[in-house]
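Novice: Everything below, folded, please.
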Amino acid sequence: MVIDHVAILVRDAAETAKRLRELHGLGSERGAYLALAGTRMHTVWLEPPQYLEFHTIENRDVAERTDAGRIALACEAAGFGPFAWAVLVDDLPAVSRRLGIEIFDYTVPQPDGTLRGWRAVSGPPHLPFFIDYPRNGGRAGRMRRLYDSLGHTSAPTHFSQLTVRGSERELSDWLGPNDLPLAFVPGAGGICEARIAGAAGEIVIA
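Specialist: So this is what the prediction gives:
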């Protein structure tokens, strides 16, 4: 089990991309519109398999009608910032059985027999979701090429720490055995800060 990605909600994607570049040496690329949330995604590729996403709300009507969209709207109402994170697992069906939650399948078959997209097991929004990328051929190589294309100047590598508001016991029970780099602070609401290791030290995303 490793951290897969962290998602943050921002007011202005172009301004966020500019600030990440100027302040932290992080490049980013405009990504897909997510119809299941009404948001537009931008991606900061780290070393495989990790990445940072920043989202803007693009279709408020869709966001108001979907579970994922309502999570984003709640983050907006709270002042933007981190709102979700995912852990990559080797055996998603086993996680599904352990938690008694069905797998959400967002994969699309490709002509070469591989899949694009992901599968997930999700619970309450303050907890991370579990994810995998079945038969997603060459994904690590694609991520490496995307990383190289962004022209990072800070040589970011991986998430060195995530800070979470909430119960350490609840999160431990949810995740199961793990050695994820987590820190906890009083309060509620889930993830509130991500730290990325870089050439000049940690980059703090809060």
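
Novice: Give me the neighbour count for residue 61.
Specialist: Under the neighbour criterion other C-beta atoms under 10 Å, residue 61 is assigned a count of 9. Glycine gets a C-beta too; all of them are placed from N, C-alpha and C.

Novice: How about the one 3 residues further on?
Specialist: Neighbour count of residue 64, defined by other C-beta under 10 Å: 12.

Novice: so it sits in a strand?
Specialist: No. Residue 64: not assigned to a strand; according to DSSP: H, G, I helix; E, B strand; the rest coil it is helix.

Novice: Make 55 the first number, not 1, from now on.
Specialist: Sure, I'll start numbering at 55, so the last one becomes residue 118.

Novice: Would you confirm that it contacts residue 124?
Specialist: Yes. In terms of C-beta atoms under 8 Å, residue 118 counts as a neighbour of residue 124; the distance is 6.9 Å.

Novice: which residues does residue 95 bridge with?
Specialist: residue 109 (DSSP bridges).

Novice: need the contact list for it.
Specialist: 85-88, 107-109 (C-beta atoms under 8 Å, 6 or more residues apart in numbering).

Novice: For stretch 56-67, buried residues please.
Specialist: 57-64, 67 (16 or more other C-beta atoms under 10 Å).

Novice: among the residues you listed, which are in strands?
Specialist: Mapping those onto strands (DSSP state E) picks out 57-63.

Novice: Partner strands of the strand or helix carrying residue 257, with direction?
Specialist: Using DSSP states H and E, residue 257 maps to strand 255-259. Neighbouring strands of strand 255-259 in its sheet, by DSSP bridges, are strand 244-252 (antiparallel).
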